[in-house]
Structure formats: structure tokens, C-alpha cells
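Visitor: no sequence on hand, only this structure:
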């Protein structure tokens, strides 16, 4: 769908990046099983930037998140998806229109592909804003020769998540910014989730990434104040409040980073995805915890996790034999996860 001929002026991509495409597997709509986003880095020199090499093996493409794994690294560390998030803000296109439909904000990254790009200071023009975001990622990282198409697809999939997060966070950030700037009051995210503003107050709290699109910001604000939107928002909030216990103990870490932190604190053998997932729902990486297949429900901070792990273990043993230990797996088996979790909504893998 997305070819890599996205320049109108060929420049040549810097080499040395291979991309790992993993399936983002969800057992329920509100919680992910696997999100692996290893950090990437850059070094600033006196005359040029030295970019890091990133490596992993490609797997099937199916609503995937990007898994960026470093080949060589040098401080300071940078997160690939974090940079993509910043680029999505920098090139936010505002109101867009598809065919003869009404104008609407760029709610998704697919909307970026509907807007023509303008030449940059080097005179390079991409096909659209989506390609511009992905092209500028290579200002920070190098691609290994022959991996351009894989890199583009992985980055595109990651950008979809970045734009979704952008809109989710913008309302909370508007609450925080308005209180800080106009009321000289500091509020945290927990307080921000419980409050609302008037239309005029939201308009005053326009974020920097939308500052050149005030008409788009007004559209977004009016959406938040719509009765149907508020009803759905409250229903979703009530569902989250009914969750038994905290979701996990990873904090802002990806699952792979939690596994590494656990290994650094406890030593021993490398931690596979299933074990890391279980431990992340038992306690912090530095806590005195160990995953046992027969651990009782009370061992987990969220009781639903016990059911998921038990179902996965039972399914794995039905395939590999009654004595099979799924803790030895480096990665979760996506087919088994599909079987016990029923996949994502709307028939997606």
C-alpha cells in the first residue's frame, strides 16, 4: 500500500536501519499485551550528526506497532517513537477534506496523507504530510540498504498510534495549561481528567502544534463539548474506574524495558514476553517477585490477568504437550493469543 518512492526529489536515504515488525496483540480493548519500543540514539558532532544503527527481523504486517532494536548505540538516548510523535505535532495539517466530504481535523495519521506537502528549505517536497513526517525521521536515524520499504511501513504504523495519543492528551494538556497560565495553579493528570473547561477557556489553551490552525482547534473543542461525545467519554471513564486494581507496574516503560530492569535487579536468565507480562502485573521490576504458573489470583494487582495467563498456558499445553512451560518462550505465540483473547475489535488481528 505504501511504497517507498515518496520523494519528488530523490536524495538517497542514509543506510543502516533494519526494522522489526511485531504484532501488537490485545486481549481487551483497554490493555495491550505487547508494546515493544526500545530506545534509539543520536550523537551530535561539531559538523554533522552521527546516527545510530537499528536492527531487528521483520515479521507479518497486521496492525503492528514498531519495535526498534539498536545495533550500535551512543548516548544520549533517544526514543524513535518519541521523535515520530514530535514530528506528527510539527507537521499537523489542521483541517482536511477527503473528496466531497466535510472538512474535519486530522484525527488520524491517514488524514496526513490527504494534504500536499510544501518544499522544505532544501527544496525537497514529499508526496504528502504523512511522507514528510516519516522522511524527517531519517534525519535522526540511518536505514540499512534494502530496508526502506519495511522502515516506511513500520514508521507509518507507529505514527497511527502517535496521532491517536496526540488527540487524547491534548484535552488533558489544555486543562493543565489553562490552570497554569491563567489561574496560576498547578494540576496533575489525575485532577485534569476530572475537570472540564468552557469553550472560551479551551480556545485560550490552544497547543503550540495547533497554533497555526485556530479553526481546527475550535472544531476539536466543539467536538469535546458535544453531548454525544461527552456521554461516550463518561461511559469509557466509568469502565476504566471499574477495573479491578491498577493495570500494571511498568510505568512508562515498554514491556522489553521492564524485562531488562527486572533482569538487572535480579539477574538470572533473560525474561521472555509472557513472564515479563506476568511480572509487570505483580509488582515493580525491583520488587521481590517471581512468576509461577500456579500463582494464585491474589498474586496479581489486576485479577483479570490471572484468567488471561491461565488461558494462555492451557492453550499452549494443548499444542505442545501437558508438560510444556510457556515461561521459556522468548515471544508470545500470536496464534494462541488470538485463540484465547478473540483478537481485536472489528475482526482485526
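Guide: Done, it's in. Just so we're clear, the structure is a prediction, and the values are computed from it rather than from any experiment. Residues are numbered from 1 along each chain as shown.
Visitor: okay, now the unreliable bits of the stretch 1-150 of the chain?
Guide: 1-78 (pLDDT under 70).
Visitor: rerun that using 80 as the cut-off
Guide: Across the stretch 1-150 of the chain, the ranges flagged by pLDDT under 80 are 1-79, 141-148.
Visitor: swap in the stretch 201-349 of the chain?
Guide: Looking along the stretch 201-349 of the chain with the criterion set at pLDDT under 80, you get 240-247, 252-254, 303, 340-349.
Visitor: those helices in it, which residues are they?
Guide: 214-225, 227-241, 255-266, 273-280, 303-320, 334-341 (DSSP state H, counting those that start in this stretch).
Visitor: quick one, the fourth one and helix 255-266 angle?
Guide: Relative orientation of helix 273-280 and helix 255-266, computed by axes from the mean of the first three to the mean of the last three Cα atoms, to 10 degrees: 70 degrees.
Visitor: which of the helices of the stretch 201-349 of the chain sits most buried?
Guide: Among the helices of the stretch 201-349 of the chain, helix 273-280 has the highest mean neighbour count (mean count of other Cβ atoms under 10 Å), at a mean of 24. Every residue, glycine included, has its C-beta placed from N, CA and C.
Visitor: quick check: longest helix of the chain.
Guide: Longest helix in the chain, counting residues (DSSP state H): helix 148-182.
Visitor: how far away is the closest residue to residue 286 other than its chain neighbours from residue 84?
Guide: With sequence-adjacent residues excluded and distances taken as Cβ to Cβ, 6 or more residues apart in numbering, residue 286 is closest to residue 265, at 4.7 Å. Going from residue 265 to residue 84 by Cβ to Cβ, to the nearest Å gives 30 Å.
Visitor: likewise for residue 336?
Guide: 30 Å.
Visitor: kindly report the same for residue 332.
Guide: Applying Cβ to Cβ, the value for residue 332 to residue 84 is 25 Å.
Visitor: that older thread, can you lay out the helices of the stretch 201-349 of the chain as TSV showing distance to residue 156?
Guide: Formatted as TSV, the helices of the stretch 201-349 of the chain follow (distance: least, Cβ to Cβ, whole Å):
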stretch	distance to residue 156
helix 214-225	22
helix 227-241	27
helix 255-266	22
helix 273-280	24
helix 303-320	29
helix 334-341	20
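Visitor: and these: which comes nearest residue 296?
Guide: helix 303-320 (7.6 Å; Cβ to Cβ).
Visitor: show me what that closest one is packed up against.
Guide: Judged by 3 or more Cβ pairs under 8 Å, 6 or more residues apart in numbering; DSSP states H and E, the packing partners of helix 303-320 are helix 273-280, helix 334-341.
Visitor: could you redo these as CSV and give each row distance to residue 97?
Guide: Converted to CSV, the helices and strands packed on helix 303-320 look like this (distance: least, Cβ to Cβ, whole Å):
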stretch, distance to residue 97
helix 273-280, 42
helix 334-341, 37
